[in-house]
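*Asks:* Using only what follows, build the 3D model:
(2 chains)
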There are 2 protein chains.
Amino acid sequence: MPRTRVHNLNISLDGYAAGEYVTLDAPIGDAGRLFAGFDGRFIHGIDKADAPVTLDRVLTSTWAQGIGAEIMGRRKFGPQTGDWPDDGWRGWWGDEPPFLTPVFVMTHHPRPPIEFANGTSFHFVGGAPREVLGLAQEAAGDLDVRLGGGPSTIRQFLDADLVDVMHLVIKPVTLGRGVSLWEGLSGVEDRFTVETIASPSGLTHQLWNRNVPA
Amino acid sequence: MPRTRVHNLNISLDGYAAGEYVTLDAPIGDAGRLFAGFDGRFIHGIDKADAPVTLDRVLTSTWAQGIGAEIMGRRKFGPQTGDWPDDGWRGWWGDEPPFLTPVFVMTHHPRPPIEFANGTSFHFVGGAPREVLGLAQEAAGDLDVRLGGGPSTIRQFLDADLVDVMHLVIKPVTLGRGVSLWEGLSGVEDRFTVETIASPSGLTHQLWNRNVPA
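*Replies:* Next up is the predicted model:
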């Protein structure tokens, strides 16, 4: 049974998983401290760089395992709002987006898909989380779907009880403001079994697995 | 730079990583408690079974990442000793050995290689650890080599300082006897940086990374 998974979601001690004020120069807004030290080289495997195999990197390496499609919010794709300007924007990632699968970007503003030679393609879709998930699952076939964020997007899927697995990385920083993962989700933990793992690096990892209904 | 890695090496509190008395009916000798609860479904990824994503399984899933060849001791391949009998033995794993790469079996007794349709092949080679590693690295190309055990084999490679990464799983059991990983290796830890991770399951994982010479 394919699952819907969240990986490497960095979150502050006060529950923020993204900053405010996203611009072209600041893809994550003013929450740079949330992502400082994140080593993205390992999202496709611990063998992808000649560097020590640490717990943090092992957990990072689960990102692509068995994933056939991603869903992301519009703000993860770009800083624009409203109708898409004719600006040639193809995402933050240059000619080699790391996704290597279809990616479904949730937006009320349709536009044609964008395809890359490395297997990544962006599809711009509207609709409720369950409908978008249906499209992503169809594209993923037997594989799992990754929810790529940002936090507002993940929050919608948590609210609709569509998240099966969620890997949080709690960073020992406080932000005071930003986009909260938890807003409006009081008690969501009752639907999950949560493993908490202290990393020697100072990070805390959590693995949330949705309880299977009895 | 390709590395030599050990993964999912179960070890008791008193340092034993295999039992004695390996027979056809007892592939791991009398050390069954070392392997009780090990869930091998995850060696090729956390997505390989519809089951919760736990820390233990995430660490298990690193086993195959970027691996192009394995080296194993003869006793991991089979219980025979001395010259190979004409018994049709093709390993413990049936028609689908999980390795999916060339495997180099260290033995003083040569025999022709054995090939499987799923990409696994067994090659029976003599020589010192460094020579066998050279053969495995040639077969692995740009990928890493996994040292598959048993403990006597890994001990030889540790002694020759040929292990770059080692993932130990310390089980809260005592065996009192068996094949020790550490025998004759006093002080080997000085050559490594060791991360220790307490798993919610009661296991302790360690990630050993060889210090890079200054």
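*Asks:* now stretch A:145-156: mean pLDDT?
*Replies:* Here stretch A:145-156 scores 96 as its mean pLDDT.
*Asks:* An error on my part: the question was meant for stretch A:124-140.
*Replies:* When pLDDT is averaged over stretch A:124-140, the result is 97.
*Asks:* Quick one: low-confidence residue ranges for chain A.
*Replies:* Applying pLDDT under 70 to chain A picks out residues A:21-22, A:24-29, A:214.
*Asks:* the helices in it, which residues?
*Replies:* For chain A, the helices defined by DSSP state H cover A:32-35, A:55-60, A:74-77, A:129-140, A:151-159.
*Asks:* Need the winner for burial among the ones you listed.
*Replies:* helix A:55-60 (a mean of 23; mean count of other Cβ atoms under 10 Å in any protein chain shown). Every C-beta, even on glycine, is put in place using the N, C-alpha and C of the backbone.
*Asks:* List every C-alpha atom in it, with coordinates, as CSV.
*Replies:* This file holds the C-alpha atoms of helix A:55-60, laid out as CSV (Å, rounded to 0.1, in the frame of the first residue of the first chain):
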residue,chain,number,x,y,z
LEU,A,55,22.9,9.5,12.1
ASP,A,56,21.7,12.8,10.6
ARG,A,57,22.9,11.8,7.2
VAL,A,58,21.4,8.3,7.4
LEU,A,59,18.0,9.9,8.2
THR,A,60,18.4,12.4,5.4
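*Asks:* residues from chain A in reach of chain B?
*Replies:* A:1, A:3, A:5, A:45-48, A:50, A:52-55, A:58-59, A:61-62, A:65-67, A:143-144, A:165, A:167, A:193, A:195-200, A:205, A:207, A:209 (Cβ under 8 Å from any Cβ of the partner chain).
*Asks:* Let me see the contact set for A:Val103.
*Replies:* A:69-72, A:97, A:120-123, A:148 (Cβ atoms under 8 Å, 6 or more residues apart in numbering or on different chains).
*Asks:* ok, now A:Leu9?
*Replies:* Contacts of A:Leu9 by Cβ under 8 Å, 6+ apart are A:17, A:149, A:151, A:154, A:166-169, A:181.
*Asks:* Not including adjacent chain positions, what is the nearest residue to the residue nearest the centre of chain A?
*Replies:* Compute the mean C-alpha point of chain A, and by Cα atoms, centre = their mean the closest residue is A:Gly148, 2.2 Å away. Of all residues not flanking A:Gly148 in the chain, A:Met72 sits nearest, at 4.0 Å (Cβ to Cβ, 6 or more residues apart in numbering or on different chains).
*Asks:* for that neighbour, which residues make a bridge with it?
*Replies:* Following DSSP bridges, A:Met72 is listed with bridge partners A:Val105, A:Gly149.
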